[in-house]
Structure formats: C-alpha cells, structure tokens
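> Mind looking at a prediction? Sequence and model below.
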Amino acid sequence: MKPETKSSKIRQRYSQQYKTEALALAEKVGVSAAVRQLGLHESQLYSWRSKARLAADRSGVEERLLVENARLKRQLAEQSEELAIIKKGRSVLRQGPEVKYAFMQNYSEEFKSTSMSRVLGVSRSGFYRWRQRGEQPTRRQQQRTVLDKLVANAFFARKMRSGSPRLVLDLYDQGHAYDRKTVAASMKRQNLRAKAPNQKWASDITYLWTAEGWLYLAVLIDLFSRQVVGWALAERMTADLVCQALQMALWRRNMPKGVVLHSDRGSQYCSAAYQRLVMKHHLVAGMSAKGNCYDNACAESFFHTMKVEAIHGEHFATRKEMRHTVFEYIEVDYNRIRRHSANGRISPMVLEALKAA
C-alpha cells in the first residue's frame with residue numbers, strides 16, 4: 001500500500017443541514033440526478049440516508065428523556081448563572097438603574113442580559129436604551145460613515161473593478177467632491193478588494209416568510225467569485241445561526257486562515273460564540289462602521305437576486321418547502337450554473353476553477 005502524500009485529496013465535510021437537504025433533493029429527483037447536480041457520490045447519499053433512518057428510529061421514550069434532560073440542564077445552568085451574577089453584582093443590588101446598567105455592560109460577554117436584568121431588577125429595554133445613548137456617533141464618525149457608504153456603493157456599482165481615481169470621477173458626477181486620497185483611504189479602511197478565493201467573505205442574515213412563520217437565512221459569500229461558501233437556516237435569529245454558516249464555510253474551504261469576514265454589527269456577529277469561532281480558526285472579523293450596511297453589500301445583493309429569481313410570487317405553505325427551495329437555489333443553480341455579471345458572465349464555481357487552473 002502506498003503511503004498518503006501531501007497531494008492526497010482532502011476529504012470534504014458537510015453540515016447536517018446540507019445532508020438533510022441533499023437527501024430531500026434525492027427523494028425529489030432521484031439519487032442519480034441528485035449526485036450529478038451536487039457533485040457527490042451515490043455512496044455518500046446512501047450512507048447519509050442509512051444514518052438518517054437510524055436516527056429516526058429512536059423510541060418516543062428516549063426522545064422524552066432527552067427533552068427532560070435538556071430542560072433540567074437549562075434550569076441548572078440558569079440557576080448557576082444567577083448565583084454567579086449575585087456573587088459578582090452584590091455591590092450594585094441596592095444601587096440605581098444607571099449603576100446596574102453599567103454592570104450589565106461590563107459583564108455582557110459573561111452573562112445573558114435576560115438573566116442579569118432579572119437578578120438586578122431592571123428591564124432589558126431600559127438597558128438597551130441606556131447603551132444606545134452611549135453609542136451615538138460623533139460628527140466626524142457620521143461624516144466618515146456617509147463617505148464609506150458612497151465609496152462602497154460606487155465600488156460595487158462598477159462590479160468591484162474601479163480604483164480610487166475612477167471612483168472620484170463617479171462620485172463627482174453624483175455631486176460628491178472628494179479627492180483621491182480620501183477615497184483611497186475609505187477603500188483601504190473598508191478592505192473592499194479580493195484578488196483570490198478565501199481572502200474576504202461577506203456575511204449577512206435575511207428573513208424568509210412562510211405560512212408557518214419566519215425562517216432566517218445566514219450566508220457567507222466569497223468576494224472574489226461571489227460563491228456562497230457557507231449558509232444556515234433556522235427558525236430563530238441567534239448566534240448559533242451565524243456560527244453554523246461559518247462552520248460550513250470553513251469545512252467547504254478546507255479550514256483557511258486569515259480570511260477577512262465582513263459583517264454588520266448585529267448581536268449575532270458580536271456574540272461570544274461567534275467571536276470564539278473566529279479566533280479559534282485565525283480569521284479576521286472586519287465589522288462595518290456603525291450604520292454602514294455596505295461592507296456586506298455583496299451579501300445583500302445576493303439576497304435580492306435569490307428572492308427575485310426563486311421566492312417572490314411563490315407561496316410557501318411550510319418552512320420545509322422554503323428550506324428545499326433555498327438549498328436548490330444555492331447549491332444547484334447559483335453556485336454552479338448561474339452566470340454572474342461581476343465574473344464576466346460565468347458562474348462562481350467556474351471562475352474559481354479557472355483561477356486554480
């Protein structure tokens with residue numbers, strides 16, 4: 001037997017959501033068609049199907065035990081957290097709301113705001129209003145935010161191909177007079193360019209409506225090719241949602257390091273769980289300035305395209321139907337087939353294949 005070499009093919013890993021939707025596609029179009037569309041092997045689908053059936057065979061008693069065990073663990077965790085809050089916040093228990101809010105801000109990475117507000121006897125809404133008052137941007141920050149929006153908007157309008165000299169002219173035509181150094185500084189600050197895969201990923205979350213209620217979709221898009229490298233769907237917009245999407249991207253891209261992650265300052269991306277994942281894999285969190293939604297304009301553009309081409313005008317009775325539609329649009333159509341204007345009218349996966357050739 002020959003020893004493995006460094007050139008051996010790296011085994012591809014897939015998230016559970018991906019496996020579930022791949023099996024659903026196989027039920028719809030058949031195993032042979034599904035593996036052709038997704039670039040898989042039949043043995044993979046059959047293996048996933050066997051494991052899914054084994055998991056579905058759990059008895060009702062086992063399920064109830066698991067649910068009860070999880071409930072008791074949550075209850076114990078909540079009680080432990082409350083005791084820890086009391087221990088560290090004993091000195092502020094009899095203080096006014098402002099002092100308690102400051103305590104909550106200082107320990108926001110360690111304790112949940114719901115637990116702290118309950119123990120300290122203050123409202124979460126009051127805490128959020130207090131924190132917002134302290135985050136009002138200065139006049140200079142507001143001017144910089146306006147500039148960054150204009151520059152990023154013009155940059156993406158030119159399909160990410162223009163440098164600062166051309167953007168200066170584009171902005172002047174729009175009635176905004178900035179010199180080249182100012183525009184170049186804005187481009188550098190926002191870190192807009194990507195010359196190869198796995199340099200910059202843009203991330204964002206969108207809402208998808210079904211007759212059963214909302215479904216939330218988080219994506220990560222490679223700014224070089226516009227390929228959706230990671231995605232996740234959930235019924236709640238939590239930190240776990242963006243962590244699942246990031247984990248999928250890491251698996252799909254064979255655990256790259258140093259990738260700049262563009263996102264807004266939403267609580268999911270600021271969460272301790274997401275930041276731990278970023279640091280664990282040596283990534284770089286490049287959050288937008290407060291109020292600037294254009295650092296992840298590429299992700300927003302994808303959401304608009306997906307909704308126009310696959311969702312608007314359709315009725316989705318269940319979240320399951322929406323999951324199937326999103327999966328097929330991303331994995332079958334958008335990444336592999338759909339021609340993208342920013343790629344010279346070729347698909348994201350074709351562009352990356354040409355880059356690697």
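Here it is on my side, so go on. Numbering: from 1, shown residues only.
> Only C-alpha atoms from now on, for both contacts and neighbour counts.
Will do.
> Strands along this protein, start to end?
For the chain, the strands defined by DSSP state E occupy 200-210, 213-222, 228-234, 260-263, 284-287.
> Tell me what angle the third one forms with strand 200-210.
Orientation of strand 228-234 against strand 200-210 (axes from the mean of the first three to the mean of the last three C-alpha atoms, to 10 degrees) gives an angle of 30 degrees.
> Using CSV, write down the CA coordinates of strand 228-234.
Coordinates of each C-alpha in strand 228-234 appear next as CSV, following Å, rounded to 0.1, in the frame of the first residue of the first chain:
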residue,chain,number,x,y,z
VAL,A,228,-22.0,31.2,-1.4
VAL,A,229,-19.4,29.2,0.7
GLY,A,230,-21.5,28.8,3.8
TRP,A,231,-25.2,29.0,4.8
ALA,A,232,-27.6,28.0,7.5
LEU,A,233,-31.3,28.2,8.1
ALA,A,234,-33.2,28.4,11.4
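> Just checking: what are the partner strands of that strand?
With DSSP bridges as the test, strand 228-234 is paired with strand 213-222 (antiparallel).
> pLDDT of the partner strand, averaged?
Strand 213-222 carries an average pLDDT of 96.
> Report the buried residues of it.
Neighbour counts using 16 or more other C-alpha atoms under 10 Å place 214, 215, 216, 217, 218, 219, 220, 221, 222 of strand 213-222 among the buried residues.
> neighbouring contacts of that strand?
Contacts of strand 213-222 with the rest of the structure, by C-alpha atoms under 8 Å, 6 or more residues apart in numbering, involve 197-209, 227-237, 241-242, 245-246, 249, 298-299, 319.
> what about it, distance to the chain center?
7 Å (C-alpha atoms, centre = their mean, to the nearest Å).
> cool, stretch 190-208 as well?
With C-alpha atoms, centre = their mean, you get 10 Å for stretch 190-208.
> Flag every buried residue along it.
190, 192-194, 197-205, 208.
> swap in stretch 121-140?
122, 124, 127, 130.
> quick one: average pLDDT of it?
Mean predicted lDDT for stretch 121-140 stands at 79.
> what's the span of that stretch, first residue to last?
End-to-end distance of stretch 121-140: 37 Å, with C-alpha to C-alpha, to the nearest Å as the criterion.
> circling back: which of the strands of the chain has the lowest average pLDDT?
strand 284-287 (a mean of 74).
> helices or strands up against it?
strand 260-263 (3 or more C-alpha pairs under 8 Å, 6 or more residues apart in numbering; DSSP states H and E).
> CA-only coordinates of the strand it packs on in PDB, if you can.
This file holds the C-alpha atoms of strand 260-263, laid out as PDB (Å, rounded to 0.1, in the frame of the first residue of the first chain):
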ATOM      1  CA  VAL A 260     -11.400  38.700   6.500                       C
ATOM      2  CA  LEU A 261     -15.100  38.400   7.500                       C
ATOM      3  CA  HIS A 262     -17.200  41.400   6.500                       C
ATOM      4  CA  SER A 263     -20.400  41.800   8.500                       C
END
